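Trainee: Using only what follows, build the 3D model:
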Amino acid sequence: MIDHLGIEVADYARSRAFYERVLATLGYGVVMEVTREMSGGYEGCGFGPPGRPHFWVGKGSGEPGRGAHIAFTAQRRAQVDAFHAAALAAGARDNGAPGLRPHYHAHYYGAFAIDPDGHNIEAVCHLPAEAQP
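Mentor: Purely as a prediction, here's the structure:
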């Protein structure tokens with residue numbers, strides 16, 4: 001159900017160093033980093049087991065300590081499209097139309113919305129179009 005989650009931080013370098021030290025005790029490290037140039041405004045890194053970032057810390061346009069980023073797993077791109085449409089119909093604000101996000105990986109297909117309480121919610125499908133059930 002949950003693909004990954006993220007928190008907005010005030011000082012990215014400080015928070016990255018903190019979580020690198022703390023999560024290393026559990027066997028986790030930075031497995032991916034996203035720059036402002038790649039994403040259009042967000043910089044952050046994802047921690048997890050090798051090749052799979054599950055927990056993100058970063059700095060974007062949000063306010064630290066307010067809201068969260070929660071991504072839900074989708075099995076098909078059509079589900080991502082439906083999730084986004086349903087969120088907007090239910091009163092969410094658009095935060096990124098359905099589409100490929102190749103700065104994460106070649107088949108990352110996601111859509112984003114801001115829920116009524118200010119949380120950035122996402123649906124994401126990691127499968128190539130031809131491999132979807």
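
Trainee: for residue 91, what are its contacts?
Mentor: For residue 91, the contact set (CB atoms under 8 Å, 6 or more residues apart in numbering) comprises residue 116. All C-beta spots, glycine's among them, are computed from the backbone N, C-alpha and C.

Trainee: actually residue 80, not the one I wrote
Mentor: Residue 80 is in contact with 74, 98, 109-111, 123-125, counting by CB under 8 Å, 6+ apart.

Trainee: Report the separation between residue 59 and residue 91.
Mentor: Distance of residue 59 to residue 91, computed by CB to CB, to the nearest Å: 27 Å.

Trainee: ugh, wrong one, residue 112
Mentor: Distance of residue 112 to residue 91, computed by CB to CB: 15 Å.

Trainee: can you check residue 82 too?
Mentor: 16 Å.

Trainee: got it, and residue 69?
Mentor: Distance from residue 69 to residue 91, by CB to CB: 19 Å.
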